[in-house]
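In: Sequence first, then the predicted structure, then my questions.
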Amino acid sequence: MSLRLGLNIDHIATLRQGRYARDPQSILVEPGPVEAALEAERAGADGITAHLREDRRHIQDHDVFQLKERLTTKLNFEMGNAPEIVEIALQLIPHDVCLVPENRNEITTEGGLDCVTHRVALESTIGQLHDAGIIVSLFIDPDPEQIRTAAELSAEFIELHTGTFAGATGETRRAELQRLVEGARIAHQLGLRINAGHGLNYSNTRELFAVPHLVELNIGHAIISRALRVGLVAAVSEMKALCEEYPAA
């Protein structure tokens with residue numbers, strides 16, 4: 001099976017909120033993240049990722065419920081481990097939940113979730129999500145202790161944070177890629193399935209193909225940025241074609 005592509009549509013919602021933050025459901029609102037998601041599906045995206053943050057800076061509650069209703073692929077619901085958002089997830093019942101760290105002062109997610117420190121709280125939330133039939137992923141750095149804890153917490157997936165790799169150069173970049181390779185091998189041995197994301201683009205994704213056992217890449221900023229020049233259908237199609245180059249296990 002080829003490497004799957006999930007499109008993160010948060011940046012579409014960010015553009016909408018820049019003009020329509022006071023009335024994001026107005027009939028005049030554009031661009032619409034749901035419409036963009038449906039267009040991306042038609043272009044070959046295997047799923048749609050949306051992060052409902054506590055501060056609602058981009059994706060809104062009504063977006064995720066419309067996505068759940070209208071998507072023909074799957075909704076990957078990114079969320080922080082906050083009681084209010086957990087309750088929304090339990091009402092929504094998305095296909096996947098990816099638990100991520102959340103800091104209101106950050107522009108975007110800046111690192112992996114510390115599931116060692118927050119193990120007790122995560123265990124409770126993961127139990128609730130599993131009871132509702134939701135697949136759980138943990139967005140973590142390629143650290144062996146974090147990976148082992150994710151397995152002990154019974155998450156089905158981890159999503160390896162690739163942002164450090166993507167932002168590095170030279171020997172540091174090679175070292176970060178090797179950390180991802182080793183992290184994926186450990187995760188696979190522990191029975192975890194492996195996604196990856198953050199900072200991936202049309203230039204560095206092929207480098208990531210050195211990482212074994214990948215199931216899905218979740219990419220947002222690069223695809224939406226390219227869509228400004230070539231259109232969303234072409235941007236998604238190009239990245240999907242790139243994913244299809246991933247070597248079979």
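Out: Good, I have the coordinates.
In: which secondary structure elements does the helix or strand of the chain with the lowest mean pLDDT contact?
Out: Across the helices and strands of the chain, mean confidence by mean pLDDT, DSSP states H and E is lowest for helix 10-20: a mean of 88. For helix 10-20, the contact count by 3 or more C-beta pairs under 8 Å, 6 or more residues apart in numbering; DSSP states H and E identifies helix 33-42, strand 47-51, helix 221-230 as packing neighbours. All C-beta spots, glycine's among them, are computed from the backbone N, C-alpha and C.
In: where do the strands sit along this structure?
Out: In the chain, the strands defined using DSSP state E lie at 4-8, 47-51, 75-79, 96-99, 135-140, 157-161, 193-197, 214-219.
In: can you list those strands in CSV and add mean pLDDT, distance to R206 and mean neighbour count?
Out: Rendered in CSV, the data for these read as follows (pLDDT from 0 to 100; distance: least, C-beta to C-beta, whole Å; neighbours: other C-beta atoms under 10 Å):
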stretch, mean pLDDT, distance to R206, mean neighbour count
strand 4-8, 98, 14, 25
strand 47-51, 98, 21, 26
strand 75-79, 98, 23, 26
strand 96-99, 98, 24, 26
strand 135-140, 98, 22, 24
strand 157-161, 98, 16, 27
strand 193-197, 98, 13, 23
strand 214-219, 98, 12, 22
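In: Looking at those strands, which is nearest to A241?
Out: Closest of the strands of the chain to A241 is strand 4-8, at 9.6 Å (criterion: C-beta to C-beta).
In: Which secondary structure elements does that closest one sit against?
Out: Other elements packing on strand 4-8 under the criterion 3+ C-beta pairs under 8 Å, 6+ apart are strand 47-51, strand 193-197, strand 214-219, helix 232-243.
In: Format those as TSV; extra columns: distance to F65.
Out: What follows is the helices and strands packed on strand 4-8, written out as TSV (distance: least, C-beta to C-beta, whole Å):
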stretch	distance to F65
strand 47-51	11
strand 193-197	23
strand 214-219	21
helix 232-243	22
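In: Ok, which of the ones you listed comes nearest A89?
Out: strand 47-51 (11.7 Å).
In: Using CSV, write out every CA atom in that closest one.
Out: The C-alpha coordinates for strand 47-51 follow below in CSV (Å, rounded to 0.1, in the frame of the first residue of the first chain):
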residue,chain,number,x,y,z
GLY,A,47,-7.7,12.2,4.7
ILE,A,48,-8.1,15.6,6.2
THR,A,49,-6.5,16.9,9.4
ALA,A,50,-8.0,19.8,11.4
HIS,A,51,-6.7,21.1,14.8
